[in-house]
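In: Need a 3D model of the following:
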Amino acid sequence: MQLLDHGVIYDAAAAPLHERFASFSQLERRADGRLVASFRVGSSKDSADEDVRAMLGDAAGGAWHPICHGFGDVPPGRGRMRGFGVTRTAAGLLAALTWIDRSDATRPLADPLTQGLLDSRVMVARSADGASWSAPQALDLAPYAGCVTTGAALVLHDGRVAVPYESWKAWGDARRGEHRAALALLDAADQRVAEIAIVAHDPTGRVLYWDQRVAVAPADGRLVAMFWSHDRDAGQDLPIHLAWGTPDGRTWSAPRDTGIVGQICTPLPLPDGRLLALYVHRHDPPGLRAILSDDGGQRWDHAGELEFYRKQRAETESGMGGRRGFGDYWADMSIWTFGHPVALLQPDGTVLVAYYAGDATHLAVHWARLAL
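Out: Model prediction:
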């Protein structure tokens, strides 16, 4: 693999103060071939003034300009959007959104005492061009609480749409949280939730399969998910885990240890059957890496691994030095300065990657082009 080129999608250093911290980047290609990059912005990585943005780029990914400036308060004075994934469907563009109750601006995303989340909702909206959007509609994910999106929606091989999300627990809930990685399978007619499919869940509550990233294999329509995995009892991260699902999204293999030491990981199944994984490596040296598998994730080409981003000051990232208190991870997430790589296969066979990176003063959205 080779890093061909890189650049900036969103220059946060030049942005207003309330838009200096970008994260949760996503990429999609419109029907006209132009690219849409969507992401979250705010005055910090966890702030009550957060909202989402979308930028439009040319087919080569070299020039970007803003097309969507967010949703504002939904409803007035109460909630803000935090996640914004855009997917091209047969009916146009579909946004998978995470809404967070920000009516009390003093509260962080997670309860410092219980680690439960602020009131959160998974929503969807529609657009013809990525600039103007319909009013967001909440998906009914009962009985689960603490639900947030984990990426853009998926178009399954039968044409149905699946929204990936995870559930946790609500603010103030002192019980031991139960985590689930799941898919909301939408009804084709009205985009309501027709069924919920559990992608990964440890009934003992020990292993947490965080931040699933799910993709559709072009060859056979199977789904593949990769997870930032954590052993709650040991207080340490596990290697990234992987699971395969049936094309309808209903049935999944048990998550399996890949041996890749990292956190959030995006799979990209390739037309030739190989599997590309883009992941966050927070141990020394901290950065972002790409790695290939020829056999569906059984074995990985560690010798051919590519580091396409390295933190400018090569120092240990917070929380990577050993056993960590569970609540400390929420604090770590608010200070990490890079992450969330996503990938889009280009018509010429290269891979366009988007991710956020910066420092304590700002976080920008970057792109990189990889040759496989």
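In: For the chain, name the helix or strand with the lowest mean pLDDT.
Out: For the chain, counting by mean pLDDT, DSSP states H and E, helix 328-333 ranks last in confidence among helices and strands (a mean of 71).
In: Which residues are in contact with D158?
Out: 247-248 (CB atoms under 8 Å, 6 or more residues apart in numbering). Bear in mind the C-beta positions are built from the backbone N, C-alpha and C, glycine included.
In: Show residues contacting the helix or strand following the least confident helix or strand of the chain.
Out: Counting by DSSP states H and E, the next helix or strand C-terminal to helix 328-333 is strand 338-345. The contact list for strand 338-345 (CB under 8 Å, 6+ apart) reads 23-29, 35, 151, 213, 263-264, 266, 268, 270-271, 276, 278-280, 286-288, 309, 311, 351-358, 363.
In: how about 6 Å then?
Out: 24-27, 266, 268, 278, 280, 288, 351-357 (CB atoms under 6 Å, 6 or more residues apart in numbering).
In: Can you flag which of those residues belong to strands?
Out: Among the contacts of strand 338-345, DSSP state E puts 24-27, 266, 268, 278, 280, 288, 351-357 in strands.
In: out of those residues, who's nearest V199?
Out: Closest to V199 out of the ones in strands among the contacts of strand 338-345 is T266 (14.8 Å), distances taken as CB to CB.
In: What residues are bridge-paired with the closest one?
Out: Taking DSSP bridges as the rule, T266 bridges to L278.
In: Who are the contact partners of it?
Out: Here T266 is in contact with 213, 278, 341-343 (criterion: CB under 6 Å, 6+ apart).
In: Most neighbours out of those, which is it?
Out: Highest neighbour count within these: L278, with 28 neighbours (other CB atoms under 10 Å).
In: quick one: that residue and S38, what's the gap?
Out: 17 Å (CB to CB, to the nearest Å).
In: Next: Q191.
Out: Distance check for Q191 against S38: by CB to CB, it reads 19 Å.
In: and if you look at W168?
Out: Separation of W168 from S38 (CB to CB) stands at 23 Å.
In: Give me the more crowded residue out of those two.
Out: Between W168 and S38, counting by other CB under 10 Å, S38 is the more crowded of the two (28 against 21).
In: Now that the more buried one has come up, it's in contact with R82, right?
Out: No: using CB atoms under 6 Å, S38 is not in contact with R82, being 11.9 Å away.
In: Next, count neighbours for the nearest residue to V224 once chain neighbours are set aside.
Out: Once flanking residues are discounted, V224 sits nearest to P267: 4.8 Å by CB to CB, 6 or more residues apart in numbering. With neighbours defined by other CB under 10 Å, the count for P267 comes to 23.
In: go on, the one 5 residues further on?
Out: As a burial measure, D272 scores 10 neighbours (other CB under 10 Å).
In: Give me the three-state assignment for it.
Out: Three-state call for D272 (DSSP: H, G, I helix; E, B strand; the rest coil): coil.
In: separation between it and G349?
Out: Here D272 is placed at a distance of 10 Å from G349 (CB to CB).
In: And V199, by the same measure?
Out: 29 Å.
In: Mind checking which of those two has more residues around it?
Out: V199 (24 against 11).
In: and the nearest residue to the more buried one once chain neighbours are set aside, what is it in contact with?
Out: Nearest non-adjacent residue to V199, counting by CB to CB, 6+ apart: A181, 4.3 Å away. Residues near A181 by CB under 6 Å, 6+ apart: 166, 199-200, 209, 212.
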